[in-house]
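Undergrad: turn this into a model:
(chains A and B)
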Amino acid sequence: MKKILVACGAGVVTSTIAIGKLQEELDKRGVPKDEYKIDQASIPEVPSMADDYDLVITTTQYKNPNGKPVTNGLPFLTNIGLDQTMDEIIKHLDLKPTK
Amino acid sequence: MGLISESLVFPEQTFANNEEALRFLAEKLNAAGKVHDDFFDAVWAREQKFPTGLPAGKINVAIPHADAKYVKESAIAVATLAKPIQFHNMALTDQELPVSLIMMLAIHEPHGQVQVLQNAMALFQDEKHLAQLLAEHDAHTLFADLDKTLAGISLDQ
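TA: So this is what the prediction gives:
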């Protein structure tokens, strides 16, 4: 089970949109739902939570003080470069798309 | 009732800067009883820390918002701008973007509004549709279009 954390400034609006899109794209690629879990946070919560996650996606500019790589989640809002971001996420998490 | 109402749609507005624009929209939401008195302060504080300018293409938009606790009842206020004003880019926060449409989101329960928010994002990617909205002078027509678009009803049908 891979754990994904999606964060935005307040942990309310843009992360909700990004999670909706991420879920949709994972479903579209036929990634089994039991392979991953998605949680939501605000940016200030990220440093204390990031260690528990395999991947952190933020919709705003953010440098992780823990040094873990952070994925830019803007493509989930704008669709620009979305396929490339999805390919990277799937590769990074070693997920198994069936479509 | 939808999240958007005609009394919260403002075509062809002119503002000196983004603070003035956000104050205007926040005050309208407050007057309509949708948000608490400190909503503007929360939105403005958030905008400076986590800007909401969205690089959508030729026509950029901003989606200012604040934490759910400042909201009484979910609502969306929209202004189209006669002249673009500068917002900072959400993804590259030291970069500025000329924004022509501001959609202020007062969201009380985000997970109940995912579809509306996604419909808004789809609109922001539709340059032609955005251009039509910017050309609209009349609040009622602008409202009717936005209302349908956010509800996910295609206008082509």
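Undergrad: from now on I want contacts and neighbour counts done on CA atoms only, so please keep to that.
TA: Fine.
Undergrad: contact residues of chain A facing chain B?
TA: Residues of chain A found near chain B (CA under 8 Å from any CA of the partner chain) are A:9-13, A:16-17, A:20-21, A:59-61, A:72, A:74, A:77-79.
Undergrad: in helices, which of those residues fall?
TA: A:13, A:16-17, A:20-21, A:77-78 (DSSP state H).
Undergrad: I'd like the residues you listed written out as a markdown table, with pLDDT and neighbour count added.
TA: Compiled in a markdown table, these are given as follows (pLDDT from 0 to 100; neighbours: other CA atoms under 10 Å in any protein chain shown):
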| residue | pLDDT | neighbour count |
| --- | --- | --- |
| A:13 | 85 | 27 |
| A:16 | 90 | 24 |
| A:17 | 90 | 24 |
| A:20 | 91 | 18 |
| A:21 | 92 | 19 |
| A:77 | 89 | 27 |
| A:78 | 85 | 19 |
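Undergrad: out of those, which one sits closest to residue A:90?
TA: Within those, proximity to residue A:90 (CA to CA) peaks at residue A:21, which comes in at 14.5 Å.
Undergrad: list the contacts for the closest one?
TA: Contacts of residue A:21 were listed using CA atoms under 8 Å, 6 or more residues apart in numbering or on different chains, and they are A:76-77, B:118.
Undergrad: where does chain B dip in pLDDT?
TA: Under the criterion of pLDDT under 70, the regions of chain B flagged as low confidence span B:1, B:154-157.
Undergrad: and the longest helix for it?
TA: In chain B, with assignment by DSSP H, the single longest helix is helix B:18-31.
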